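> Kindly return the folded structure for what I paste below:
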Amino acid sequence: MLERIQKSIDFIRTITKSTPKICIILGSGLSSLKDYISIDEIIRYSEIPYFPISTVKGHKGELVFGNISGTEVVLMNGRFHYYEGYSMQEITFPIRVVKQLGAEYLFLSNAAGGMNSAYSIGDIMFIEDHINLMGDNPLIGHNIDELGPRFVDMLEPYDRELIKDAINIAQEKSIKYHKGVYVAVPGPCFETPAEYRYLAKMGADAVGMSTVPENIVAIHSGMKCFATSIITDLGFEGHFHPISHKEVLQVANKSANKINEIIIEMIKKM
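Residues are numbered from 1 along each chain as shown. Next comes the predicted model:
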């Protein structure tokens, strides 16, 4: 693992000397944040040694180095999913790399199904906590002490101060928001009505197929995390209906500017 991380870094360093403070992972349909940064370099995942390749529509597959209001950032324009056949370690490998490049913060975004009856399509939810139902964990196996501790405290997986900042900005800009619990499932099937009911009873407000593995590795690495979901479909009584990935992308694209505004303002204040 350490050798692979170093080879990825060595390649990236032949193209850019950037030391990003923040890594931002752009979820399904949320790539428009790229239009709001001053871009220095773009590197395709396919060029970087040991990087997986995005196979899902809506995930372009590139590292975008640049800055927002003078703060150096790197965007992961496209993420990897367990259902694509990658291991948990492969999914989270880029987090290891950006941490070694200098990243102290990980901002995550995703498209999710809402199970809280107070939610509407297009709303945003700041993730306060999560439930891992993916049946796997990226930290299983031999622990590399140079990357983080064997046992990881998860009392505060999402930084409370960053959530407070996001709430203040949303209120200032009159953006409707929720705080809630995100449950991660392996996918790729969308949930059955019975599964939606079960997950809601478990205490989850939204469900998706990503984010949790990346968060776990970021916490293991000592990074601070902030995560937000766009509610692209609903899964509670009276709102069950067929959905498709195309619909998810359409809603995410339409609502992305809400997340973009909040993230940009958060970075300005850091």
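> tell me the SS of the closest residue to Y177 other than its chain neighbours?
The shortest distance from Y177 to any non-neighbouring residue, by C-beta to C-beta, 6 or more residues apart in numbering, is to A170 (4.4 Å). Placement of C-beta: from N, CA and C, glycine included. Here A170 is helix, with the state taken from DSSP: H, G, I helix; E, B strand; the rest coil.
> for the stretch 101-250 of the chain, what spans make up the strands?
Here the stretch 101-250 of the chain has its strands, by DSSP state E, counting those that start in this stretch, at 105-114, 124-132, 177-184, 206-208, 224-234.
> so what secondary structure elements neighbour the fourth one?
Contacts defined by 3 or more C-beta pairs under 8 Å, 6 or more residues apart in numbering; DSSP states H and E place strand 206-208 against strand 105-114, strand 177-184, strand 224-234.
> quick one: the residue sitting furthest away from the middle of the chain from Y196, how far?
Here the chain reaches farthest from its C-alpha mean at G238, the gap being 29.2 Å by C-alpha atoms, centre = their mean. As judged by C-beta to C-beta, to the nearest Å, G238 and Y196 stand 12 Å apart.
> ditto for Q6
Using C-beta to C-beta, we find Q6 at a distance of 44 Å from Y196.
> who's more crowded, those two?
Neighbours of Q6 and Y196, each counted by other C-beta atoms under 10 Å, are more numerous for Y196; the result is 22 against 13.
> Which residue is the nearest non-sequential neighbour of the more buried one?
Nearest to Y196 is G235, by C-beta to C-beta, 6+ apart, at 3.5 Å.
> so what's the one you found up against?
The neighbours of G235, taking C-beta atoms under 8 Å, 6 or more residues apart in numbering as the test, are 113-115, 191, 193, 196, 200, 207.
> count of residues packed around the nearest residue to L106 once chain neighbours are set aside?
Leaving aside its sequence neighbours, L106 sits nearest to A218 (C-beta to C-beta, 6+ apart; 4.2 Å). When neighbours are counted by other C-beta under 10 Å, A218 registers 27.
> Make sure A218 is actually in contact with P94.
No - using C-beta atoms under 8 Å, A218 makes no contact with P94, being 10.9 Å away.
> show me where pLDDT drops low in this protein?
Along the chain, the model assigns pLDDT under 70 to residues 29, 56-59.
> check contacts around the one residue sitting closest to the centre of the chain.
The chain has L108 as the residue nearest its centroid, 2.8 Å off, counting by C-alpha atoms, centre = their mean. If a contact means C-beta under 8 Å, 6+ apart, then L108 has 24-25, 27, 127, 211, 214-215, 225-228 as its contacts.
> Please repeat the previous calculation with a cut-off of 10 Å.
When contacts are counted by C-beta atoms under 10 Å, 6 or more residues apart in numbering, L108 touches 23-27, 76, 79, 127, 158, 182, 210-212, 214-215, 218, 225-229.
> follow-up on the earlier one: could you look over the helices and strands packed on strand 206-208 and pick the most buried one?
strand 105-114 (a mean of 27; mean count of other C-beta atoms under 10 Å).
> coming back round to it: could you pull out the residues contacting both of A218 and P94?
Common contacts of A218 and P94, defined by C-beta under 10 Å, 6+ apart, comprise 23, 25.
> Name whatever forms a beta bridge with K179.
Beta bridges link K179 to F126 when assigned by DSSP bridges.
> will you turn the helices and strands packed on strand 206-208 into JSON lines that also has distance to D153?
Shown next, in JSON lines, are these (distance: least, C-beta to C-beta, whole Å):
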{"stretch": "strand 105-114", "distance to D153": "17"}
{"stretch": "strand 177-184", "distance to D153": "18"}
{"stretch": "strand 224-234", "distance to D153": "13"}
